[in-house]
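Visitor: Sharing a model that was predicted from the sequence below.
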Amino acid sequence: MRLERLSTNQFKIFLTFDDLIERGLTKEDLWHDLPRVHQLFHDMMYEASDELGIELDGVLLVQVHLLQAQGMLVIVTQNNQREELEDEEYVEMKVTLDESRELIFSFSDFEDIIQVCSHLKDIGIFGGSVYHLNDTYYMQINDEEVEGYNREHIIAIMSEFATASILTSYRLKEYGKVIADGNAVNQIVQYFN
């Protein structure tokens, strides 16, 4: 579990799917096993409070984003305005859950993108987009591009050459430089092989 303080009343938690498995949860449990999910959030808030030195009380707005290959990104905003209650340890969590269906991987070297594109073309994947941001290359493959393929196999291929990224496509499109848009695998294989 990685923690990052974003402001005085906001922090971010990132858990990989391995972190969830270590805690005895699967991705499916997040949608169906509410008591265990509630306990997971309680434990995460306690750990974050301890590690970041934040005293949590009042209303916590918890936004949970499930990222396909990466894990779970949780953004917590503390709203200290609360009604006066006799219980001073009062904490209320308002949780929203969202699942991203796009695969985004980060590459330190463009040569790795050339290699992964060659493998993806071999299994019939021709699309994808490639971006450059902060000295790192990113490859995004949308859900519709992998429909009918073994998603876990594609994630395994990508993971050999890259690291799952927690950046969203919105951030890449707004701040990154587009290298190839929508037809990346085909273009890169055509130019570099």
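Guide: Alright, I've got the coordinates. All values derive from a computational prediction rather than experimental measurement.
Visitor: For Ser106, grab the count of nearby residues.
Guide: For Ser106, the count of nearby residues is 18 (other Cβ atoms under 10 Å). In this view, the C-beta of every residue, glycine as well, is placed from N, C-alpha and C.
Visitor: repeat for Asp112
Guide: The burial metric for Asp112, expressed as a neighbour count using other Cβ under 10 Å, is 18.
Visitor: Looks to me like it is in a helix.
Guide: Yes - note on Asp112: a helix contains this position according to DSSP: H, G, I helix; E, B strand; the rest coil.
Visitor: How about it, nearest residue that isn't a chain neighbour?
Guide: Counting by Cβ to Cβ, 6 or more residues apart in numbering, the nearest residue to Asp112 once its immediate chain neighbours are dropped is Phe161, at 4.2 Å.
Visitor: ok, the one you found - how many residues close by?
Guide: Counted with other Cβ under 10 Å, residues neighbouring Phe161 total 19.
Visitor: Is Leu67 bridged to anything, and to what?
Guide: When bridges are assigned using DSSP bridges, the partners listed for Leu67 are Gly71, Ser100.
Visitor: For it, give me its contacts.
Guide: By Cβ atoms under 8 Å, 6 or more residues apart in numbering, Leu67 lies in contact with Leu73, Ser100, Ile104, Ala164, Ile166.
Visitor: can you pull out the helices in the chain?
Guide: Secondary structure of the chain by DSSP state H: the helices cover 17-22, 27-32, 34-52, 110-122, 151-161, 169-175, 184-192.
Visitor: Quick check: buried residues in the longest one?
Guide: The neighbour-count criterion (16 or more other Cβ atoms under 10 Å) identifies Val37, Leu40, Phe41, Met44, Met45, Ala48, Ser49 as the buried residues of helix 34-52.
Visitor: average model confidence for that helix?
Guide: Averaged across helix 34-52, pLDDT comes to 82.
Visitor: Does anything pack onto that helix? Which helices or strands?
Guide: Counting contacts by 3 or more Cβ pairs under 8 Å, 6 or more residues apart in numbering; DSSP states H and E, helix 34-52 packs against strand 2-7, strand 10-16, helix 27-32, strand 71-79, strand 91-100.
Visitor: Please save the CA atoms from that helix in PDB.
Guide: Taking Å, rounded to 0.1, in the frame of the first residue of the first chain, the C-alpha atoms of helix 34-52 are listed here in PDB:
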ATOM      1  CA  LEU A  34     -19.700  -5.200   1.800                       C
ATOM      2  CA  PRO A  35     -18.700  -6.200   5.400                       C
ATOM      3  CA  ARG A  36     -15.200  -7.100   4.300                       C
ATOM      4  CA  VAL A  37     -14.900  -4.000   2.100                       C
ATOM      5  CA  HIS A  38     -16.000  -1.900   5.100                       C
ATOM      6  CA  GLN A  39     -13.300  -3.500   7.200                       C
ATOM      7  CA  LEU A  40     -10.700  -2.900   4.500                       C
ATOM      8  CA  PHE A  41     -11.600   0.800   4.400                       C
ATOM      9  CA  HIS A  42     -11.500   1.100   8.100                       C
ATOM     10  CA  ASP A  43      -8.000  -0.600   8.200                       C
ATOM     11  CA  MET A  44      -6.700   1.700   5.400                       C
ATOM     12  CA  MET A  45      -8.000   4.800   7.100                       C
ATOM     13  CA  TYR A  46      -6.300   3.700  10.400                       C
ATOM     14  CA  GLU A  47      -3.000   3.000   8.600                       C
ATOM     15  CA  ALA A  48      -3.100   6.300   6.600                       C
ATOM     16  CA  SER A  49      -3.900   8.300   9.800                       C
ATOM     17  CA  ASP A  50      -1.000   6.700  11.600                       C
ATOM     18  CA  GLU A  51       1.500   7.000   8.800                       C
ATOM     19  CA  LEU A  52       0.600  10.500   7.500                       C
END
